[in-house]
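>>> Have a look; sequence and predicted model below, questions after that.
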Amino acid sequence: MQIDKKEIKPITDILGLAVLDSQRLEYAIGFLMLLSRKDFDFTNKNQDEEIDEYMLNISKKTLGTLMRQLRKLIEVSDGFIERLEEALDARNYLIHRFLNHQGEKILTRDGRIEVLNLVKEKRKILYECYFFLDPFIQILMELRGFPAEYFINEISEKYERDE
């Protein structure tokens, strides 16, 4: 039985956003790890390449691996880890088990509605976890003498294009 792509588009749209949220979460954890390293001086332009290399290396790691490395780097509460683990479970379900568990439901209209609600629920977990990390990032940036304005200006300069 073939499914009209238009009928599953709402599901695939949310799945795509969930994947992006997962990657944003991975980047946020990597950035937390970067900020936690005392050997980097963010105002020293001579370290830009080393920082970029560190973040490139981090970007190759899975969410679960990043969580384990973060725990080794800094001490965090059980509640903090539980929040990350909930996001990891949501991510792993969508990436690894979704189709096996929900494939048949996609064949019916009522099933698609149920699946769409499930995908929205999992995506919400990922989305909210990303924003859960933001205050921690902001505090670490401030503690490291790395004001948000500096970061925004650096990114703007680095990626601004002449049009």
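Yep, that arrived. In this text the structure is predicted, and so the values were computed from the model without any measurement.
>>> which helices and strands sit right next to the one helix or strand Glu53 maps to?
Assigned by DSSP states H and E, Glu53 falls within helix 48-58. If you count contacts as 3 or more CB pairs under 8 Å, 6 or more residues apart in numbering; DSSP states H and E, helix 48-58 packs onto helix 5-36. Where you see a C-beta, it was placed from the backbone N, CA and C, and this is true even at glycine.
>>> Can you give me the buried ones in the helix it packs on?
For helix 5-36, the neighbour count (16 or more other CB atoms under 10 Å) marks 8, 11, 14-15, 18, 21-22, 24-26, 28-35 as buried.
>>> So for Glu157, what's the pLDDT?
Per-residue pLDDT puts Glu157 at 68.
>>> let me fix that: Asn153
The model's pLDDT for Asn153 equals 68.
>>> give the contact list for Leu133.
Counting by CB atoms under 8 Å, 6 or more residues apart in numbering, Leu133 makes contact with 25, 28-29, 32.
>>> Turn those residues into JSON lines, columns for distance to Leu107 and pLDDT.
JSON lines is the format used below for these (distance: CB to CB, whole Å; pLDDT from 0 to 100):
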{"residue": "Leu25", "distance to Leu107": "31", "pLDDT": "93"}
{"residue": "Ala28", "distance to Leu107": "37", "pLDDT": "92"}
{"residue": "Ile29", "distance to Leu107": "37", "pLDDT": "94"}
{"residue": "Leu32", "distance to Leu107": "42", "pLDDT": "92"}
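>>> from those residues, which is closest to Arg97?
Ranked by distance to Arg97 (CB to CB), these are led by Leu25 at 18.4 Å.
>>> is it true that that closest one touches Arg123?
No. Between Leu25 and Arg123 there is no contact under CB atoms under 8 Å: 11.4 Å.
>>> Give the lowest-confidence helix or strand of the protein, using mean pLDDT as the measure.
helix 148-159 (a mean of 65; mean pLDDT, DSSP states H and E).
>>> Show me which helix runs longest in the chain.
helix 109-143 (DSSP state H).
>>> roughly how far out does that helix sit from the chain middle?
Taking CA atoms, centre = their mean, to the nearest Å, one finds helix 109-143 lying 9 Å from the centre of the chain it belongs to.
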